[in-house]
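> Need the 3D shape of this:
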Amino acid sequence: MSKTKKKKVSKSSKKKLEKKNSKKTFKPQKGTKNFSELLSRKREEILQTVKQKEMDLSSGEIGDEADVASQTFEREMMYEMTNGERMVLDDIEASLRKIERNEFGTCESCKKKISNQRLRAMPWARYCIGCQSKAESPRA
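All right, here's what the predicted structure looks like:
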């Protein structure tokens, strides 16, 4: 009799496990397809921009001291812009991974939903407005 009970328990456990695992299969959230396409396009745009800026940085003629100083300043500015774009690129990549895991639109800090208005303005947002404001405000 105990063998029969074990089989019944193990079958029900198996069904529960199958049900649980089937939920892990990727099923996109409503509306994420548009965000995925938008993020992918922005990703490609940034990659092209960064590639062009890196090519511009690698080329350059050396002239007199004033030219060298000017070129150095321009290169530093382009590097900073490129660095900022790389940070956005990292955020875009993270957002695309979140879409795959059905976690897109969830604040990484408080785990609450990020407003659609914020996501439409900046689909790679990692934090809700409240948490972003807290992170950016100077600490007293």
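> what are the ranges of the helices in this protein?
Shown for the chain, the helices assigned by DSSP state H span residues 2-23, 32-58, 65-100, 116-121, 129-136.
> so which of those helices comes closest to Thr106?
helix 65-100 (7.3 Å; C-beta to C-beta). The way it works is simple: take the backbone N, C-alpha and C, and place the C-beta from them, glycine included.
> circling back: for the helices of the chain, which has the smallest mean pLDDT value?
Lowest mean pLDDT within the helices of the chain: helix 2-23, at a mean of 48.
> Determine which of the helices of the chain approaches Cys110 most closely.
Comparing those by C-beta to C-beta, helix 129-136 comes nearest, at 5.5 Å.
> which outside residues touch the closest one?
Cys107, Glu108, Ser109, Cys110, Ser115, Arg118, Ala125, Tyr127 (C-beta atoms under 8 Å, 6 or more residues apart in numbering).
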